[in-house]
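Engineer: With the input below, show me the fold.
(4 chains)
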Number of protein chains: 2
Amino acid sequence: MPNRKIATPITLTEVKSACSNCNLHELCLPLGLSHAEIEKLDEVVANRRRLKRGEHLYRAGEPFDAIYAIRSGFFKTDVLLEDGREQVTGFQMTGELLGLDGISTEHHSCNAVALEDSEVCTIPFLHLEGLSREIQTLQHHFHKVMSREIVRDHGVMMLLGTMRAEERLAAFLLNLSQRFTARGYSPAEFYLRMTREEIGSYLGLKLETVSRAFSRFQEEGLIAVQQKHVRILSIPGLKQLMNHQQGRG
Amino acid sequence: MPNRKIATPITLTEVKSACSNCNLHELCLPLGLSHAEIEKLDEVVANRRRLKRGEHLYRAGEPFDAIYAIRSGFFKTDVLLEDGREQVTGFQMTGELLGLDGISTEHHSCNAVALEDSEVCTIPFLHLEGLSREIQTLQHHFHKVMSREIVRDHGVMMLLGTMRAEERLAAFLLNLSQRFTARGYSPAEFYLRMTREEIGSYLGLKLETVSRAFSRFQEEGLIAVQQKHVRILSIPGLKQLMNHQQGRG
DNA sequence: CGCGCACGTTGACATGGATCAAAGGGGCAA
DNA sequence: TTGCCCCTTTGATCCATGTCAACGTGCGCG
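Structural biologist: Numbers count the residues shown, from 1 in each chain, chains lettered A, B, ... in the order given. Modelled structure (predicted):
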């Protein structure tokens, strides 16, 4: 299934992101800015970068100097322990920001990997700070985005700390559904970009457990799933699952 | 339990936090500011608030308008699910900030509870934003603090997602040790301010499991523990524990 | 100063999810 | 188009941690 927005002939080196033309206003940074302000932002958001599936946008330990807005595509971020254990810390889609973790130490603290061919806007961080000293709306929006990330992380902590396997998967599917909806896609039908193992890592489960939970949801008529293609048959059913089950074992 | 804000002889309304005199420079917001800049900050950090043990600094759902710097004391933050399940999202000590989660929706998204008698500085958020538009250093430091919170949360996700019970507790103790050290206290000996149940909630474990892990660490000579008093006998021993164990079940 | 109760410890048992194993299925490359 | 490899599914078994229960213990209030 093609998910390409742009499959273009344009020479990339000099391409401007053109926030002014971008249809991600509501999702990305600019929100309620004047025309003049958006033009300033255009100058800051200097260029785009394309990544093929499997390619790293950045790696843990690399110097940080920019955050990235996803123009199209799908990413995962993960943290690795010395002994090789991986924790997927999030999946990011169109309009979301990547790299906020790097501000803290001026080095990236996780890896960001494209799960499909993707395109991002590079936003040099010092420029963004400069501009957000000039434009209050932008400053406030940026703070909200960072705070939203913290709140999101708390939700994941809740999920990992208190929920059982099936609740976790239900929460995961409902979250994806909601984010696809916000982007104008179907709330009920989508293709997963990540493997069962990556879902498992994100949810603190083994891939077999994820697979079994998918099968069980299917048996119960909550979803129809075939490989990476998921169709949610009962959103209320999934929601109900989360309220009625007790803490995990 | 009374939920009073003020229980002191001092007239609080006019008390200044006096960042200029505060010994938390390195931990809290001001860092490398000029004298004049710190005076501006003094004006923003309008007043202090005292809380007794058990008192809420704020609750999920309340309107957000300020963040708080802990001047002294110890807090927990937690999120509650409708069915009563609790996830402790963090423990905060002197010099750390509370309330960053509220920026996102302009409502607090978690509860903050004092685990001992505590004192905080109230920092009205819009004022802080105003000042950070004027003072680049302050702006940058604030962004780092928010980013650090995101990185911290990723660490907790790693802990909850991939570690076994004893690894989690070891990581928890080492983290406390390091933070006490940074505040000039002993790295090896401290009193826990929270119950086994709260530790368990934070670590995604039941209180019995936490208690057993403490006992086992003691048997192995890694710590000496009696109720809330903990003495770490071998920091390397605890660190080693985290590297050599395999993923959880 | 002493009592009561919340907190902590420990034991026995239950179980959810991990682990180990093996057999499809589908997408991508040649 | 075909073949290979990665991904997924499913089954059998095991084990870490949850659950239930009973007993200690020490702090705080009166």
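
Engineer: What residues does chain A have near DNA strand C?
Structural biologist: Taking CB under 7 Å from any atom of the strand as the criterion, the neighbours of DNA strand C within chain A are A:164-166, A:200, A:204-206, A:208-209, A:226-227, A:248-249. (Each C-beta comes from the backbone N, C-alpha and C, glycine too.)

Engineer: Throw those into a markdown table and include neighbour count, secondary structure and pLDDT, thanks.
Structural biologist: Putting these into a markdown table (neighbours: other CB atoms under 10 Å in any protein chain shown; DSSP: H, G, I helix; E, B strand; the rest coil; pLDDT from 0 to 100) gives the following:
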| residue | neighbour count | secondary structure | pLDDT |
| --- | --- | --- | --- |
| A:R164 | 17 | coil | 97 |
| A:A165 | 20 | helix | 98 |
| A:E166 | 21 | helix | 97 |
| A:G200 | 23 | helix | 98 |
| A:G204 | 27 | coil | 98 |
| A:L205 | 22 | coil | 98 |
| A:K206 | 17 | coil | 98 |
| A:E208 | 11 | helix | 98 |
| A:T209 | 18 | helix | 98 |
| A:Q226 | 9 | strand | 93 |
| A:Q227 | 9 | coil | 91 |
| A:R248 | 17 | coil | 49 |
| A:G249 | 6 | coil | 41 |
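
Engineer: Out of the residues you listed, the closest to chain B would be?
Structural biologist: Set against chain B, the nearest of the residues of chain A next to DNA strand C by CB to the nearest CB is A:G204 (3.8 Å).

Engineer: Residues touching stretch A:55-65, excluding its own?
Structural biologist: A:49, A:51, A:68, A:75, A:79-80, A:98-99, A:102-103, A:105-114, A:120, A:124-126 (CB atoms under 8 Å, 6 or more residues apart in numbering or on different chains).

Engineer: Okay, and which of those map to strands?
Structural biologist: When the contacts of stretch A:55-65 are checked against strands (DSSP state E), the matches are A:49, A:51, A:68, A:75, A:79-80, A:98, A:111-114, A:120, A:124.

Engineer: Contacting chain B as well, which ones from those residues?
Structural biologist: Restricting those to those adjacent to chain B (criterion: CB under 8 Å from any CB of the partner chain) gives A:V79.

Engineer: out of the ones in strands among the contacts of stretch A:55-65, which are buried?
Structural biologist: Restricting those to buried positions leaves A:R49, A:L51, A:Y68, A:F75, A:V79, A:L98, A:N111, A:A112, A:V113, A:A114, A:V120, with burial counted as 16 or more other CB atoms under 10 Å in any protein chain shown.

Engineer: Closest to B:A188 out of these?
Structural biologist: Proximity of those to B:A188 was ranked by CB to CB; the top entry is A:V79 with 27.9 Å.

Engineer: Please name the bridge partners of the closest one.
Structural biologist: Partner residues in beta bridges with A:V79: A:Q87, with DSSP bridges as the criterion.

Engineer: tell me the contacts of it?
Structural biologist: Shown in contact with A:V79 (CB under 8 Å, 6+ apart): A:A60, A:E86, A:Q87, A:T89, A:S109, A:C110, A:N111, B:H154, B:G155, B:M157, B:M158.

Engineer: A:A66 too?
Structural biologist: With contact taken as CB under 8 Å, 6+ apart, A:A66 is in contact with A:G99, A:T122, A:I123, A:P124, A:F125.

Engineer: Give the ChimeraX command for selecting the buried subset of the residues you listed.
Structural biologist: A single ChimeraX command is used to select the members of those judged buried by 16+ other CB under 10 Å:
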select /A:99,122,123,125
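
Engineer: Could you find the closest non-adjacent residue to the residue most central in space within chain A?
Structural biologist: Nearest to the centroid of the C-alpha atoms of chain A, with distances taken as CA atoms, centre = their mean, sits A:Q92, at 1.1 Å. Of all residues beyond its chain neighbours, the one nearest A:Q92 is A:F75 (4.5 Å), with distances taken as CB to CB, 6 or more residues apart in numbering or on different chains.

Engineer: if I look at that neighbour, how far off is A:L159?
Structural biologist: 20 Å (CB to CB, to the nearest Å).

Engineer: again with A:D101
Structural biologist: From A:D101 over to A:L159 the distance is 19 Å, taken as CB to CB.

Engineer: Among these two, which residue is more densely surrounded?
Structural biologist: A:D101 (28 against 24; other CB atoms under 10 Å in any protein chain shown).

Engineer: Which residues are in contact with the closest residue to the more buried one other than its chain neighbours?
Structural biologist: Using CB to CB, 6+ apart and skipping residues adjacent in sequence, the residue nearest A:D101 is A:S109, 4.6 Å away. Taking CB under 8 Å, 6+ apart as the definition of contact, the neighbours of A:S109 are A:A60, A:V79, A:D101, A:G102, B:V151, B:H154.
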